[in-house]
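Asker: sequence below, structure please.
(one chain, ligands or ions: 2)
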Amino acid sequence: MASWKQILRNSITSYEQLRAAFPGLIEPAVAEVIKRYPLRINSYYLELIKHHGQPLFRQAVPSPAELACGPCEIDPLAEDRLSPVPGIVHKYPDRVLFLVANQCALYCRFCTRKRHVGRPSMPDGRTHLDRGLDYLRRHPEIKEVLVSGGDPLLLEDHLLEDLLRALRSIDTLEIIRIGSRVPCTLPMRITTRLCRILKRYHPLFINTHFNHPAELTEEAKQACTRLADAGIPLGSQTVLLRGVNDSPETIRTLMQGLLRFRVKPYYLFQTDITAGTDHFRTTTAEGLAIMEQLLGHISGMAVPAYALDAPGGRGKIRLSPNYVLATGSSLSFRSYQGDLCSYPEPDTLPPAFSQ
Ligand SMILES: *Cc1c(COP(=O)(O)O)cnc(C)c1O
Ligand code: SF4
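Answerer: Ligands and ions are numbered 1, 2, ... in the order given. Below you'll find the predicted structure:
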């Protein structure tokens, strides 16, 4: 089997290569898109697209629609403003995002950080890592670091190990969480050697990112199994995308498939209002309708939280279908099947019993 580095080297990165791979399907305007946002489709994912068509094609192949904008913003989550040093985004009191790599195995067309990924504007390299580590050392209130990018698992093993060792040497840091799409887009990267490195730095969690059941291949299953066998709890952050996975059946099949891969669905994200990604957005009503088809109908372990990252960097909120109809001496609500139900609230305790 080809190594992950060979597969990555065999990526399509130019307009000419793209036209050759998909004859008759690539419009001339796509050349402009690639000048603005980088293109990379590695040979593993290219084969998947050829077998499965539209839902994978849309995720990976640039569209002229990326040149349109709508209400979109360059940096919708205000990550640049919330960055005290390059590569660190400090939005919540006790956890930070640490962007450590600017490359990905595939440049997803809907990416929230499409202004940075694959570009020099996203900091990379040792000096930048040292400044971020220094920030974490100076802020003992930070209990968790989310290592992201780009894709941190595209770093060379020795660099990744240096980083993890440095993070673990910070006593106040309890949890390491890595965000990586590699189990989905380049599963061969999950080598036994990589897993041996990762398992030395527990408690370490990985949140990966699958968007369609066609991505649940044998290779991806092996990658997830290796990570899970290394004791790494796995989650998935799926993005709800028009024309890719915006139906209850697709999302249900994906979530159940992830659970069989030992990946716990974590978030289902509403698409951010990022410039160049408007054509991927669904309405929140569509997302809520999909959630209603999951909640109660399939294993609760397969149900992600439907979340929206508030514009302006105000954090994530979870959106839930509303089951509560009225509150008071009893709670009226509807069941997941739609029946009216009520639950009598307890009488308020007399003052003598309260502490
Ligand atoms: C999403 C995010 C987190 C993590 O949020 P959780 O709800 O804990 O998954 C942390 N920092 C930033 C900047 C984020 O965008
Ligand atoms: S893997 Fe993640 S960071 Fe990289 S392009 Fe895709 S969505 Fe963006």
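
Asker: quick one: name the residues of the stretch 101-250 of the chain near ligand 1.
Answerer: Leu146 (Cβ under 6 Å from any ligand atom). Placement of C-beta: from N, CA and C, glycine included.

Asker: where does the stretch 101-250 of the chain dip in pLDDT?
Answerer: Where the stretch 101-250 of the chain drops to pLDDT under 70, the residues are 121-125.

Asker: of all residues in it, which one is closest to ligand 1?
Answerer: Distances between the stretch 101-250 of the chain and ligand 1 by Cβ to the nearest ligand atom are smallest at Leu146, namely 5.3 Å.

Asker: so that residue touches Arg95, yeah?
Answerer: Yes - judged on Cβ atoms under 8 Å, Leu146 makes contact with Arg95 at a distance of 6.5 Å.

Asker: which ones are touching the residue of the stretch 101-250 of the chain closest to ligand 1?
Answerer: Residues near Leu146 by Cβ atoms under 8 Å, 6 or more residues apart in numbering: 95-98, 177-179.

Asker: does the helix or strand it falls within reach ligand 2?
Answerer: Following DSSP states H and E, one finds Leu146 within strand 144-148. No - Strand 144-148 is not in contact with ligand 2 by Cβ under 6 Å from any ligand atom; minimum separation 7.2 Å.

Asker: kindly report the same for stretch 299-316.
Answerer: No - interface with ligand 2: stretch 299-316 contributes nothing (Cβ under 6 Å from any ligand atom), its closest point being 13.0 Å away.

Asker: pull the residues that contact that stretch.
Answerer: Contacts for stretch 299-316 (Cβ under 8 Å, 6+ apart): 73, 76-79, 81-82, 91-92, 112, 236, 238, 240, 255-256, 258-259, 264-270, 272-273, 284, 287-288, 290-291, 294-295, 317-320.

Asker: any of those buried? List them.
Answerer: Burial of those was assessed by neighbour count (16 or more other Cβ atoms under 10 Å); the buried members are 76-79, 82, 91, 112, 236, 238, 240, 255-256, 258-259, 264-270, 272-273, 287, 290-291, 294, 319.

Asker: for the nearest residue to Thr191 once chain neighbours are set aside, grab the count of nearby residues.
Answerer: In space, and not counting its chain neighbours, Thr191 is closest to Trp4: 7.4 Å by Cβ to Cβ, 6 or more residues apart in numbering. Neighbour count for Trp4, taken as other Cβ atoms under 10 Å: 21.

Asker: number the residues from 57 up from this point.
Answerer: Sure, I'll start numbering at 57, so the last one becomes Trp60.

Asker: tell me the contacts of the residue nearest in space to the middle of the chain?
Answerer: Nearest to the mean C-alpha position of the chain, by Cα atoms, centre = their mean, lies Gln293 at 4.0 Å. Applying Cβ under 8 Å, 6+ apart, we find Gln293 in contact with 235, 263-265, 322-323, 325.

Asker: pipe those residues into JSON lines and attach secondary structure per row.
Answerer: Listed next are these as JSON lines, based on DSSP: H, G, I helix; E, B strand; the rest coil:
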{"residue": "Gly235", "secondary structure": "strand"}
{"residue": "Asn263", "secondary structure": "strand"}
{"residue": "Thr264", "secondary structure": "strand"}
{"residue": "His265", "secondary structure": "coil"}
{"residue": "Tyr322", "secondary structure": "strand"}
{"residue": "Tyr323", "secondary structure": "strand"}
{"residue": "Phe325", "secondary structure": "strand"}
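
Asker: closest residue of the stretch 257-406 of the chain to ligand 1?
Answerer: Lys372 (5.1 Å).

Asker: looks to me like that residue is in a strand.
Answerer: Yes - using three-state DSSP, the assignment for Lys372 is a strand.

Asker: which element, helix or strand, includes Leu315?
Answerer: Applying DSSP H and E as the criterion places Leu315 in helix 304-316.

Asker: perfect, I'm done here.
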